[in-house]
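Chemist: got a predicted structure here, sequence first:
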Amino acid sequence: MSATTMGFAAPWVLRKAANALARSHALGINSKLSHYKTLRSFPLTSPLTSQGICHLAQAIKGDEKSAIEEVKHILEMARRASSRREVVHTNFLTPPVLKESMLALEKLADIRAIAQGGYPQAERCRISIGHPDVMTSDPDVVAALSVTGNFGFQPCSHGDFLGATLGKGIAREKLGDIILQGEKGAQILVVPELVDFIISSLDKVGNVPVSCTKIPLISLDYEPPRIQPFKTIEASLRVDAIASAGFKISRSKLVDSISKGEVRVNWKPISKNNTPLKTGDIVSVSGRGRLKIGETRTTRKGKFEVELLRYL
C-alpha cells in the first residue's frame, strides 16, 4: 500500500502525556528518561497507509485525564518498541484517542506508526508501532467476521450486536467497528486472536440464532458516507440550537435527549444544553445519526449562519 505523511503540531495532550510519562515509575526515571527525551528531540515521519486504513475524523479531545493516560500508555509502548526494536500493537482506540496518539507519536524518532481499522472509513482503529527497520510492511492486526441470521422479522441494532459480543466476556477495546447489513446481519471487526472464540461462542443476537464466519477485509460491505449539506441561521452556536436544526427536531426533544445522555459532541456525552459548538465539531444523537459543523459566519443582524453536514 502507498503511504502518506502526517504533519501535525503537537497538541496540549502530548505535553501533559510526556510530563506524566516522565513521572511514571514504569519508565525508570533516572536511566530511561534521557532516552525518552532523546526520542522527542527528533522529527518523525509517521506514515498512514492510504488504502484500507482509517480516515481520521476531526475529533476533539474527550475526557482530559483519560486521554492523557491512554496517550501516556501508547508513548510507553513506542519507547519499548524503539529500544527493543520490536513491533507492538494497541487495542482498538476511539477516534479522539486515536488522533491524539498519532499526534504524539509523530514527535518520536525511530518509530513508524500505522493506524488500521479494516476499511477506509473505520472509526475505531488499532495503531501498530515499531522501528522502521523491523516494521517493513503493514501488520495484520484486524480481522473481520460476518454474523448472519434471519433478521427479516426481527431486525437488530448496532447495540444488539455489540451487546451479544460483549456478553461473551470480550472487552470493548478488542472490537472495532460494526457494519450493519440489514436483514443479512452485520460484519464485525475484531482482533485476530479472538476470531475462533467468537465463531464458536456467538450463537444468538437478540432472539435471532446466528452463525459467524471469518471473511477477508476486502469482502467488507461498507459504503462511503453520504452527506447532505445545508445551512441554517441561528441566534447562537449552542448545541441545542444547532443540533435541533441539523436533525430537524424540536429543541425540546433535543434537550430531552441531552438529559438522557443521548447526545455526544466529538464522541463525548454532554449534559449542558448551552454547550458551544465550532467548526469541525461532530454532534451525534442516538438513533438519529451524526452531524458535522462546517463554516460559520456572523450575519449583519448578529446571528450565525452555519453550514451543516448531515451524515445519512
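Modeler: Thanks, I have the structure now.

Chemist: grab the longest helix from the protein for me.
Modeler: Secondary structure of the chain per DSSP state H: the longest helix is helix 64-84.

Chemist: ok, whichever helix or strand comes after it: who's next to it in the sheet?
Modeler: Later in the chain than helix 64-84, the nearest helix or strand by DSSP states H and E is strand 87-89. Here strand 87-89 has these sheet partners by DSSP bridges: strand 126-130 (antiparallel).

Chemist: relative orientation of the partner strand and helix 64-84 in degrees?
Modeler: 30 degrees (axes from the mean of the first three to the mean of the last three C-alpha atoms, to 10 degrees).

Chemist: after strand 126-130 comes which helix or strand?
Modeler: Next helix or strand after strand 126-130 toward the C-terminus (DSSP H and E): strand 143-149.

Chemist: output the contacting helices and strands for that next one.
Modeler: Packing partners of strand 143-149 (3 or more C-beta pairs under 8 Å, 6 or more residues apart in numbering; DSSP states H and E): strand 185-190, helix 195-201, strand 208-215. Just so you know, the C-beta spots here come from the backbone N, C-alpha and C atoms, and that holds for glycine as well.

Chemist: which other helices and strands contact the longest helix of the chain?
Modeler: The helices and strands touching helix 64-84, judged by 3+ C-beta pairs under 8 Å, 6+ apart, are helix 12-23, helix 29-40, strand 87-89, helix 95-105, strand 126-130.

Chemist: among those, which gets the worst mean confidence?
Modeler: Looking over these, mean pLDDT reaches its minimum on helix 29-40, with a mean of 28.

Chemist: return the distance of the nearest residue to residue 312 once chain neighbours are set aside relative to residue 191.
Modeler: In space, and not counting its chain neighbours, residue 312 is closest to residue 226: 4.3 Å by C-beta to C-beta, 6 or more residues apart in numbering. Distance of residue 226 to residue 191, computed by C-beta to C-beta, to the nearest Å: 30 Å.

Chemist: adding mean neighbour count, write the helices and strands packed on strand 143-149 out as JSON lines.
Modeler: Listed next are those as JSON lines, based on neighbours: other C-beta atoms under 10 Å:
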{"stretch": "strand 185-190", "mean neighbour count": "24"}
{"stretch": "helix 195-201", "mean neighbour count": "14"}
{"stretch": "strand 208-215", "mean neighbour count": "15"}
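
Chemist: will you turn these into TSV that also has distance to residue 146?
Modeler: Output for these, formatted as TSV (distance: least, C-beta to C-beta, whole Å):
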stretch	distance to residue 146
strand 185-190	5
helix 195-201	10
strand 208-215	5
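
Chemist: surely residue 91 touches residue 191?
Modeler: Yes - with contact defined as C-beta atoms under 8 Å, residue 91 reaches residue 191; the gap is 7.3 Å.

Chemist: anything in contact with each of those two?
Modeler: Residues touching both residue 91 and residue 191 (C-beta atoms under 8 Å, 6 or more residues apart in numbering) are 126, 174.

Chemist: which one is residue 246 nearest to, not counting chain neighbours?
Modeler: Spatial nearest neighbour of residue 246, excluding adjacent residues (C-beta to C-beta, 6+ apart): residue 291 at 4.2 Å.

Chemist: show me where the stretch 151-300 of the chain has its helices.
Modeler: Here the stretch 151-300 of the chain has its helices, by DSSP state H, counting those that start in this stretch, at 158-166, 195-201, 239-246, 251-259.

Chemist: so what does the first one touch, helix or strand wise?
Modeler: Counting contacts by 3+ C-beta pairs under 8 Å, 6+ apart, helix 158-166 is packed against strand 175-180, strand 185-190, strand 204-205.
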